[in-house]
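Trainee: compute the structure for the input listed below.
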Amino acid sequence: MAGKLITERTGVNGDVSFLVRIREAGVAVSKTFKTKKEAEKFIREVKTKIDRGESVDITKIKKMTLAQIFDEYLKHNTVAKGKKYDLEKLKLEIGKVPLSNFKAGTFALYLKTKLEQEIPDQAKKKKSHPLYDGHQVVDPDTGKLKKKTYSESTIRKYYYAIKTALFWHAKHHDYTFDRKPFDDNPPPKAWEPRDRILEAGELDRLLEATNKMYVKREEWKCLILWQYYSCMRAGETLLMKWDEIHLDEKNPHHSYIFVPKENTKIADKKNAEDRKVPLRPEFFHFIKDRLMKLKKDGQQLVFGDYWSSSSVLAARFKVICKNAKVEDFKIHDLRHCAVSWYFVNTNLTDIEISKISGHIELSTLKRYATLRHSDIGTKLWANAK
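Mentor: Sure, this is the predicted structure:
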């Protein structure tokens, strides 16, 4: 076998591995081992197979298209509806690309193209949906409507759908997963930080707009107020149970809401934990005097029986915002309002506020810091004579 077969590699943590590359008689195969002994054994096995005329490389697999790989992944795995939809869409966009052509450069070009691509109209669309303006937004430079482009969070879903399917396929067929396209191209951001909070009068307009809903008018009012006070994510709210609300009428400051770690979207993060959310006075009285009136016999979930998912909730909230003439506002922005209140009206530290809001990364809370009154000048002059 010609050329250097074994290359010793040292990782960033000092870990040593041995990469085997074999190129002979039409065979092209590479594999990484933890020990040199394993690498040498692999070379001997490949040599034996070559002598016998057996197939030892992944030439056929490299010729497979991404669509074939995605189909195989979907066939052998239980996949959520949303992820299945993403893979079916990817089959149409990049399905004809052979695995051998899926390189770091081509992947970078795909990601760049998607981020600049305008969101197309539905094939059978007859008229624009009044809540979405035909996927148009106001151009800040011209003040005119322009077509929306795909968000980074959407492209991020495609990124991980591709990576998951390719990683599974390599493991399933016992060949080395090519990490380079993903190592060279970091995933797009999961979300763009928003600073939108309610302005004077907008909360009243939102509550008033619920009267135009056909059903669940009082439930909507309570849901909006809950989000405005609680600092909770919409998904956490929908999973909230009545027995997780602990009111102490004799000692209201001992009252709290228990939020189980498994109900949060950060449940799998290292520092995720259950949290007890104390109640500010307005929140306590809202729950005691108004929300509790919604409770029915045998009902476990506070809001989850009314809305099946946070996406359904967000879509219906758009209707309320439109009727209230509250623009560029999402249901998650009510959480921003709640967190902002603590920065403006209390002296709680960032860590104390994070225990209420459930933020693991304190850096996420830094954008609220400008809302807090600064006593730095007072501290600097505290010891002046």
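
Trainee: quick one, longest strand in the chain?
Mentor: When the chain is parsed with DSSP state E, its longest strand is strand 16-24.

Trainee: could you say what helices and strands it packs with?
Mentor: Applying 3 or more Cβ pairs under 8 Å, 6 or more residues apart in numbering; DSSP states H and E, one finds that strand 16-24 makes contact with strand 6-10, strand 27-33, helix 36-52. No exception for glycine: its C-beta is placed from N, CA and C like everyone else's.

Trainee: now the angle from that strand to helix 36-52?
Mentor: Put simply, strand 16-24 runs at 10 degrees to helix 36-52, going by axes from the mean of the first three to the mean of the last three Cα atoms, to 10 degrees.

Trainee: any idea how many residues pack against Leu225?
Mentor: Applying other Cβ atoms under 10 Å, we find 20 residues neighbouring Leu225.

Trainee: just to revisit the earlier point, possible to save the helices and strands packed on strand 16-24 as TSV with distance to Tyr342 and mean pLDDT?
Mentor: Output for the helices and strands packed on strand 16-24, formatted as TSV (distance: least, Cβ to Cβ, whole Å; pLDDT from 0 to 100):
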stretch	distance to Tyr342	mean pLDDT
strand 6-10	48	86
strand 27-33	50	76
helix 36-52	56	79
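
Trainee: mind putting those in a markdown table, distance to Lys325 and mean neighbour count included?
Mentor: Listed next are the helices and strands packed on strand 16-24 as a markdown table, based on distance: least, Cβ to Cβ, whole Å; neighbours: other Cβ atoms under 10 Å:
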| stretch | distance to Lys325 | mean neighbour count |
| --- | --- | --- |
| strand 6-10 | 61 | 11 |
| strand 27-33 | 60 | 16 |
| helix 36-52 | 68 | 14 |
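
Trainee: list the buried ones in the longest strand of the chain?
Mentor: Under the neighbour-count criterion of 16 or more other Cβ atoms under 10 Å, strand 16-24 has Phe18, Leu19, Val20, Ile22, Glu24 buried.

Trainee: where's the dip in pLDDT among the residues you listed?
Mentor: Model confidence across those bottoms out at Glu24, which has 69.

Trainee: point out where the protein drops to low pLDDT.
Mentor: For the chain, applying pLDDT under 70 flags the ranges 1-4, 24-28, 49-50, 52-59, 121-146, 191-192, 266-267, 369-385.

Trainee: list the buried ones in the lengthiest helix in it?
Mentor: Across the chain, the longest stretch assigned as helix under DSSP state H is helix 152-172. Buried positions in helix 152-172, judged by neighbour count with 16+ other Cβ under 10 Å: 152, 155-159, 161-163, 165-166, 168-170.

Trainee: that older thread, sheet partners, orientation included, of the longest strand of the chain?
Mentor: If you go by DSSP bridges, strand 16-24 pairs up with strand 6-10 (antiparallel), strand 27-33 (antiparallel).

Trainee: so who does Leu198 touch?
Mentor: Leu206, Tyr228, Val326, Phe329, Asp333, Leu334, Cys337 (Cβ atoms under 8 Å, 6 or more residues apart in numbering).

Trainee: now intersect those with the helices, please.
Mentor: Filtering the contacts of Leu198 for helices - DSSP H - leaves Leu206, Tyr228, Asp333, Leu334, Cys337.

Trainee: surely the last one is in contact with Asp195?
Mentor: No. Counting by Cβ atoms under 8 Å, Cys337 does not reach Asp195; the two are 11.0 Å apart.

Trainee: now list the buried members of the contacts of Leu198.
Mentor: The neighbour count (16+ other Cβ under 10 Å) marks Leu206, Tyr228, Val326, Phe329, Asp333, Leu334, Cys337 as buried among the contacts of Leu198.

Trainee: from those residues, which is closest to Asp183?
Mentor: Distance to Asp183, by Cβ to Cβ, is smallest for Asp333 among the buried ones among the contacts of Leu198, at 35.2 Å.

Trainee: give me the neighbour count for the residue lying closest to that closest one once chain neighbours are set aside.
Mentor: Excluding its sequence neighbours, the residue lying closest to Asp333 (Cβ to Cβ, 6 or more residues apart in numbering) is Arg196, at 4.8 Å. Neighbourhood size, Arg196 [other Cβ under 10 Å]: 14.

Trainee: shouldn't Arg196 be within a strand?
Mentor: No. Counting by DSSP: H, G, I helix; E, B strand; the rest coil, Arg196 falls outside a strand, being coil.

Trainee: all strands for the protein, in order.
Mentor: So, for the chain - with DSSP E - the strands run 6-10, 16-24, 27-33, 136-138, 145-147, 245-246, 256-259, 275-278.

Trainee: of these, which is nearest Lys114?
Mentor: strand 145-147 (14.3 Å).

Trainee: give me every residue that touches Tyr150.
Mentor: Taking Cβ under 8 Å, 6+ apart, we find Tyr150 in contact with Lys114, Leu115, Gln117, Ile119.

Trainee: brain fart, Trp168
Mentor: Trp168 neighbours (Cβ under 8 Å, 6+ apart): Tyr73, His76, Asn77.

Trainee: how about Leu90?
Mentor: Applying Cβ under 8 Å, 6+ apart to Leu90 gives the contacts Leu66, Phe70, Tyr158, Ala161, Ile162.

Trainee: count of neighbours near Arg316?
Mentor: That count, for Arg316 with other Cβ under 10 Å as the rule, works out to 17.

Trainee: same check, this time on Tyr306
Mentor: Neighbours around Tyr306, by other Cβ under 10 Å: 18.

Trainee: picking up where we left off before, now tabulate the buried residues of strand 16-24 in TSV and tack on distance to Lys355.
Mentor: Formatted as TSV, the buried residues of strand 16-24 follow (distance: Cβ to Cβ, whole Å):
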residue	distance to Lys355
Phe18	48
Leu19	47
Val20	51
Ile22	56
Glu24	62
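
Trainee: domain ranges for the chain?
Mentor: 6-57, 66-183, 202-377 (automatic domain parsing).

Trainee: taking those together, which one is wrapped up most tightly?
Mentor: Most buried of the domains of the chain, by mean neighbour count (mean count of other Cβ atoms under 10 Å): domain 202-377, with a mean of 16.
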